[in-house]
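S.K.: With the sequence up front, the predicted model follows.
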Amino acid sequence: MVRFLLAAILLCPAARAAPGAERRVVIYDGAATAVGAAGDESKDLWLTLADLTAATRFTLKPEGVCRDEQCFPIPAGRAKEFVAQRGEVTWFNLSEFGRLLQQPVAHDAKHGVWCFGPRPSVQNAHVASRVAPDFTLPDLKGKDHKLSDFRGKKVLLLTWASW
């Protein structure tokens, strides 16, 4: 997963911000969004509430951080780790939220890019359903085959990795 996130940062020119730029790029749910910089020395990604919604579709509500029917409460006693008021602007710590949701995160400080991977519950949904995720691979003659083409049939998958 980390290799995929790093590849997304390095290979997606739309996701790159100029070094030292006043803007950052957040990749969330596969979409790249330019956001304003917090202007502090924090190693975490702090976003305005408007940028939080633009980049992730989450909004901060009294019951927690919500999107559609999902709502994640901010743990009791930890509000300062997630929300900060600086002047008239409210900032939200997306890095801490990612840690709360156990999302993998890749950060390229040089280019100002943050990439958030899927939560474990989303990433591993196929395990609970016992249905393998669909993928396409070529046969020895170069013809592409999808795993889903073989649904209902017995399939033997052989894999190998060099690591």
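M.R.: Noted; the coordinates are in hand.
S.K.: Give the ranges of residues in the protein that sit below the confidence cut-off.
M.R.: Along the chain, the model assigns pLDDT under 70 to residues 1-22, 39-40, 123-126.
S.K.: residues contacting the spatially most central residue of it?
M.R.: Geometric centre of the chain, nearest residue: F116, 2.2 Å, by C-alpha atoms, centre = their mean. F116 makes contacts with V26, I27, Y28, T56, L94, G98, Q103, P104, V105, as judged by C-beta atoms under 8 Å, 6 or more residues apart in numbering. (C-beta placed from N, C-alpha, C; glycine too.)
S.K.: Please apply the same query to D51.
M.R.: So D51 contacts V26, T33, V35, G36 (C-beta under 8 Å, 6+ apart).
S.K.: The second one reaches V25, doesn't it?
M.R.: It stands for T33. Yes - contact criterion C-beta atoms under 8 Å: T33 and V25 qualify, at 7.0 Å.
S.K.: If you count surrounding residues, which of these two has more?
M.R.: Under the neighbour definition other C-beta atoms under 10 Å, T33 and V25 were set side by side, and V25 has more, 22 against 16.
S.K.: related to what we said a few turns ago, any of the contacts of D51 buried? List them.
M.R.: Taking 16 or more other C-beta atoms under 10 Å as the criterion, what is buried in the contacts of D51 is V26, T33, V35.
S.K.: for the residue nearest to the last one when sequence neighbours are not counted, helix, strand, or coil?
M.R.: Nearest non-adjacent residue to V35, counting by C-beta to C-beta, 6 or more residues apart in numbering: D51, 4.0 Å away. For D51, the assignment made with DSSP: H, G, I helix; E, B strand; the rest coil gives helix.
S.K.: now swap in D44 and tell me
M.R.: With three-state DSSP as the criterion, D44 reads coil.
S.K.: what's the neighbour count on the residue nearest to it when sequence neighbours are not counted?
M.R.: Distances taken as C-beta to C-beta, 6+ apart put S95 closest to D44, at 3.7 Å, once the chain neighbours are dropped. For S95, the count of nearby residues is 21 (other C-beta under 10 Å).
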